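1. let's see this in three dimensions:
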Amino acid sequence: MSTVGQMTAHRPGGSDFRATRHGWPLLWLGVLVCAFYVPQLATGTVQFDGVDVHYSAQRYLSDALRSGRLPFWTPYLFTGFPFLADVQVGAWYPLNWPFFLVGITPASITLELWLHSLIACGGAYALGIRLLKQTLPALATAIFYGLSGWFAAHSQHVGMFQTAVWLPWLILVLDNSGERLSLSRLTVASVLGAALALPGHFQVALYAVCGAGAWAMLDAGLARAWARARRQAISLLALAVGGTLLSAVMILPGLELVGESVRTRLDVRNIDLGYFQPASLLTLVQPDYYGLLSGSYHGPGDSTQHYFYAGVLLVPLVILGVRRTRALRIAVLLGLPFVWYALGPAGGLFRVLVRLPGFNSIELPMHGWFLPALGLAVLGGAGMSVVAGRLAQPWLVVLLGAAFVDVLTFNQLLNPLAFARQSFDALYGAPLRAFQAQVERAQPPVERIYGGELAAVGYRNHALQSRVETTYGYNPLELASYADYTQAAENNPALIAGLAATHRLGDDLTIQPMGGALPLAFFASRVTSVPDLATARQRLTDLDPGAETIVVGPVIEVRADPTARASVVERGDDHLVIHVRTASVNVLRVAIPAFPGWRAWLNGVELRTLTADLAFQGIVVPAGEGDVRLEYTPRFFWIGALVSGLAVLACLATLAVSGQRSAVSGQRSAVSGQRSAVR
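-> The predicted structure follows:
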C-alpha cells in the first residue's frame, strides 16, 4: 500500500493505535515537528523568560546535580533564595531529567520545546483519531494545535508550554473514563495529573484541569449521561488527588515559598491586563493584525497573550467542521466557558471564579487560550474530514503540506516571539564574559553586588551562572519581607549598607566598590524590640542598620555589647560559620533573608533564630566566644519526597496488578476460544 493509502486507510469504528495503521502518519508528524524547530536550532536561540528564568535555573540545577548536590538554597539571587522550592525550576518533572543529567545548554531549552511539541501533536492526533476516525484529518488537528500561535507566542514560557501539551491527553483520559472505569485508568489519570503539575506552572495546570472538567461535565449533562458524568468526576478526582500526591516533592516546599512571597499580596481584581479582546480573533486570519510580525506591535497589553494564528486554512475548515456534532461540542464546551471567564470583570464569570482558591492568585487570563486553541484545532480537523469526502487523497496531502508550511512561516520563521534571531553567545554570552572579567579584576574582591530591580547582565538571573552574589533577581516568588526592605532602601539609602554588598552594578554594566557597606554578619550597637511586622516595616523608613537591629517580639535577655565582634570564617551556598565574641547575650544580624528552615548552633547547642530588620536572619547568641554555624535545611522537602515516593510505588503496584489481571483474562479468553473451536 502507498504512503498516502496508509495515511488515509481506516476502519469506520476503530480508534486503535496499531503500528500498521498509525506508523506512517506518526512518522510524518514527527518529521514535521522536527522541521519546525530546525530554524531555531540552526539560526537562533531562546530568549526573554526562556533565558531569564528557565535556562538560568535549569543550568544552575544541572550543574549542581552533576557535582553531586541538591541546591536547596542559592546565595546568588536576592542575597539568598530557597532555589529548589521554586516550582518554576521544573526540578521534579521527569521529562526534564535527561537534559539535567546531560547538561543544560541554550539548545537544551529548544529541545525541550521540540519534545513537548511532539507530545502536543501526538495527543491532538490521538484525539483526532478518536473523534474523526481518519488519519489525515487527525494530522490536521495535530498541526493546528501543537504548532499553533499560542505555543509560538509562549515558547519563552517553558513551564506553560510543557503543561499545555497535555491537554489533548487529558481530554482523551476523561473521554475514556466516561465509558468505563478501572483501577489502571484511574492510575493513568493520577500520572497525568502529575504531568500537569510538575512543570511548575500552576495557572496553566489549573486552566487545563478546570477547562477539561467543565467540558466533561457539560458534555455529559447535555446528553443526560449521568453515569458517564459520575465516572468522569471520579477520574477527575483521581487526577487531582493522585497528581498532588505524586507531585508532593514539589508542591509542599512550593506552598511554603508561596506563603512567604510577594504572591500572597496579589489581588487579580486590581490588574487591568491580560483579558480577552474580541479584536484579537482577527489574528486567526491575519497574523500581523497587531503588527507583531512586522515589528510595530500596537495591540493590547502583553503581545504573547493575543496571537492566535494557526494557519490560513484553519478558519475555513472550522466553518466546514461545525457539521460534525461531536467536534463542535468539544470546541464550544472547551472554548466558550474560558472566553467568558477571560472577558474579565466585565463578563461576570471572572468575578465569581476569582473568589475561589487558586483563581484568586493568578493573573493574565489569556494565558489560557490553549483551551479554545484545541477546540478550534478539533473543528479544523473535522473540516478536513469533510474535505476528505470531496477531494482525492493526493490533494489532501498537498493541503496538509500547505498548512504546515503556513504555520512554519508565520509561527516560526517570521514570529519574533518564537526565538531570537541571534546566537546565545552574541546576546548573552559576551556580556556575561565581560562582566566576569570585571569581577576577577575588582579590588577589593567582590563579595556581593548591589543592583536595581531590573538589573541584568545579558539576562536578569545571570548570577546563577556568574556565581556572584547579587541583591537582585527575577522571580514572581521573591520573598515579601525582602522586597519590602529593598523598596524601603530606595527612600532610605542607609538600608543599602545593610545588604552587605561590596560593589554596585552601574547602568553601563560596570561594577564599582561601594563605601560604607556593613559586614555580612555583625552585632549592632543596640537591639530594639517592636510588637509586630507592621511596626518593623514602618521603622525601615528611618532605620540605620549599622547602629540598630530591629526584632519582632520580646528579647528581654538581650543586652547589646559595643565591644562584640563577628567574622565569617566559612561561607557556603547554604551555610555560614561565624566566629563570635560578645560579653552579653546579643543578637547577631546576618544579611541572609529570613526563611523557615534556617537553624543555628553553637558548640552543639541550637540557638534561637528570629527575623532582624524585617527581612534578615537574627541569631540570639549567648555571652562568650565560639563558632556559630548557620545552616539551611528545607522543612517540607523530605516529607514531600516520601509522599511522592510512596505514591510512585502505589502506581507501579496498581499497574502491575492490572497487567496481571489483563494477562489472566486474556489467557482465559484464549482457552475459551480454543474450546469453542474444538466443539
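
2. beta partners of residue 571?
-> Using DSSP bridges, the beta-bridge partners of residue 571 come out as residue 576.

3. check the gap between it and residue 591 for me.
-> 12 Å (Cβ to Cβ, to the nearest Å). Backbone N, C-alpha and C define where each C-beta goes, glycine included.

4. need the overlap of contacts for the two.
-> residue 520 (Cβ atoms under 8 Å, 6 or more residues apart in numbering).

5. between the two, point out the one with more neighbours.
-> Set side by side, residue 571 and residue 591 show more neighbours around residue 591, with 26 against 14, by other Cβ atoms under 10 Å.

6. surely that one is in contact with residue 447?
-> No. Between residue 591 and residue 447 there is no contact under Cβ atoms under 8 Å: 10.4 Å.

7. pull up the overlap in contacts between those two.
-> Contacts common to residue 591 and residue 447, judged by Cβ under 8 Å, 6+ apart, are 500, 520.

8. can you count the residues close to residue 192?
-> 24.

9. got it, and residue 373?
-> 26.

10. tell me how far it lies from residue 415.
-> On the measure of Cβ to Cβ, residue 373 and residue 415 end up 15 Å apart.

11. residue 552 now?
-> 51 Å.

12. excluding its backbone neighbours, what's nearest residue 235?
-> residue 177 (3.7 Å; Cβ to Cβ, 6 or more residues apart in numbering).

13. helix, strand or coil: sort out the one you found for me.
-> helix (DSSP: H, G, I helix; E, B strand; the rest coil).

14. the one 4 residues further on too?
-> Secondary structure assignment for residue 181 (three-state DSSP): coil.

15. which non-adjacent residue is nearest it?
-> Nearest non-adjacent residue to residue 181 (Cβ to Cβ, 6+ apart): residue 231, at 4.9 Å.

16. how about low-confidence regions in the chain?
-> For the chain, the stretches with pLDDT under 70 are 1-20, 662-679.

17. list the residues that contact the nearest residue to residue 208 once chain neighbours are set aside.
-> Leaving aside its sequence neighbours, residue 208 sits nearest to residue 167 (Cβ to Cβ, 6+ apart; 5.1 Å). Listed by Cβ under 8 Å, 6+ apart, the contact partners of residue 167 are 120, 123, 208, 211-212, 370-371, 374.

18. measure residue 167 to residue 98 for me?
-> 23 Å.

19. ok, residue 174 next?
-> 29 Å.

20. doesn't residue 478 make contact with residue 260?
-> No. The pair residue 260 / residue 478 is not scored as a contact, 9.7 Å apart, by Cβ under 8 Å.

21. quick one: list the elements packing against the helix or strand encompassing residue 122.
-> Taking DSSP states H and E as the criterion, residue 122 maps to helix 106-132. Applying 3 or more Cβ pairs under 8 Å, 6 or more residues apart in numbering; DSSP states H and E, one finds that helix 106-132 makes contact with helix 19-43, helix 97-102, helix 135-146, helix 158-164, helix 167-179, helix 325-342, helix 370-388.

22. by how many degrees do the last one and helix 167-179 diverge?
-> If I follow you right, that is helix 370-388. Per axes from the mean of the first three to the mean of the last three Cα atoms, to 10 degrees, the angle that helix 370-388 makes with helix 167-179 is 80 degrees.

23. now the next helix or strand after helix 370-388: how far from the chain's centre is it?
-> Using DSSP H and E, the helix or strand that follows helix 370-388 towards the C-terminus is helix 393-408. Taking Cα atoms, centre = their mean, to the nearest Å, one finds helix 393-408 lying 33 Å from the centre of the chain it belongs to.

24. OK, contacts around residue 557?
-> Here residue 557 is in contact with 585, 620 (criterion: Cβ under 8 Å, 6+ apart).

25. and it, how far is that from residue 492?
-> Residue 557 is 29 Å from residue 492, by Cβ to Cβ.

26. swap in residue 225?
-> From residue 225 to residue 492 the distance is 65 Å (Cβ to Cβ).

27. just residue 251 next, same as before
-> Taken as Cβ to Cβ, the span from residue 251 to residue 492 is 38 Å.

28. equivalent analysis for residue 527, please.
-> 19 Å.

29. and what of residue 275?
-> 37 Å.

30. ok, the two, which is more surrounded?
-> Taking neighbours as other Cβ under 10 Å, residue 275 and residue 492 compare with residue 275 leading, 20 against 16.

31. not counting sequence-adjacent ones, nearest residue to the more buried one?
-> Residue 275's closest residue in space is residue 344 (Cβ to Cβ, 6+ apart), at 3.6 Å.

32. cool, residue 298 as well?
-> In space, residue 298 is closest to residue 291, 5.2 Å off (Cβ to Cβ, 6+ apart).

33. for the one you found, grab phi and psi.
-> Residue 291 adopts backbone torsions of phi 80, psi 10, taken as degrees, to the nearest 10.

34. contacting residues for it?
-> Per Cβ under 8 Å, 6+ apart, neighbours of residue 291: 297-299.

35. of those, closest to residue 64?
-> Nearest to residue 64 among the contacts of residue 291: residue 297, at 38.1 Å, using Cβ to Cβ.

36. next up, the contacts around that closest one.
-> With Cβ under 8 Å, 6+ apart, residue 297 has these contacts: 290-291, 303.

37. name the element residue 610 belongs to?
-> Residue 610 belongs to strand 609-612, assigned by DSSP H and E.
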